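*Asks:* build me a structure from this.
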Amino acid sequence: MSVTKKRYAMTVDTRQCVGCKACVLSCKAENDVPDGFCRDWIVEDVRGEFPLLAAEIRSERCNHCSDAPCVKNCPTGASHVNEGGIVLVTHGKCSGCKACIAACPYDARFVHPKGYVDKCTFCLHRVQKGLKPGCVAVCPTGTLAFGDLNDSESDVSKNLRTRRWKVNHPESGAQPNLFFLL
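*Replies:* Okay, the predicted model is just below:
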């Protein structure tokens with residue numbers, strides 16, 4: 001019997017997000033992110049002209065791409081794909097050259113004050129224990145869902161089957177795994 005590899009992804013319900021930043025604060029606390037930096041953030045996108053305006057609020061982070069340009073452009077191999085397709089940075093291998101930052105179409109990386117590049121890890125340390133990422137666990141509106149795309153019963157798979165969705169910058173060819181439900 002063959003076992004299908006896990007492919008982790010996240011959905012963000014743009015109809016439910018109120019921009020409270022609970023996800024941002026949880027991430028900072030869970031991952032000891034230094035002041036002035038963040039691994040996830042809130043975007044408010046307002047379109048149209050008054051009085052015909054539309055607003056969308058999104059919680060954004062690393063898209064853990066299936067064809068990650070950051071990994072392809074990292075000269076030291078510090079940026080790599082780990083279990084479940086989660087894109088990580090091995091801090092001890094990172095030279096801080098910023099090639100991965102330049103390659104990322106999502107502006108999802110930053111140089112940590114200690115000199116290495118840092119980013120969202122989908123809280124792999126929690127996922128390995130059977131827990132949800134910190135941002136998903138604290139979201140008061142249920143906006144965020146996390147799961148295995150290869151598991152048809154995961155929250156993410158169900159969301160993508162039953163709702164319209166989009167990804168940011170599909171033209172990049174990166175094949176992001178952060179999906180915005182419409």
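*Asks:* residues of stretch 85-98 that come out buried?
*Replies:* Along stretch 85-98, these residues count as buried under the neighbour rule (16 or more other CB atoms under 10 Å): Gly85, Ile86, Val87, Leu88, Val89, Cys94. All C-beta atoms are positioned from the backbone trio N, CA, C, and that covers glycine.
*Asks:* look at Gln175 and report its pLDDT.
*Replies:* Listed pLDDT for Gln175 reads 97.
*Asks:* what about it, how many neighbours?
*Replies:* 14 (other CB atoms under 10 Å).
*Asks:* show me the contacts for it.
*Replies:* By CB atoms under 8 Å, 6 or more residues apart in numbering, the contact list for Gln175 reads Cys65, Ser66, Asp67.
*Asks:* any chance you could map the strands in the chain?
*Replies:* 8-13, 40-49, 52-61, 79-81, 87-89, 110-111, 117-118, 144-148, 165-166, 178-181 (DSSP state E).
*Asks:* reformat those as TSV; add distance to Val156 and mean pLDDT.
*Replies:* Below are those laid out as TSV (distance: least, CB to CB, whole Å; pLDDT from 0 to 100):
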stretch	distance to Val156	mean pLDDT
strand 8-13	5	98
strand 40-49	17	95
strand 52-61	14	94
strand 79-81	18	97
strand 87-89	17	98
strand 110-111	26	97
strand 117-118	24	97
strand 144-148	4	98
strand 165-166	10	98
strand 178-181	7	98
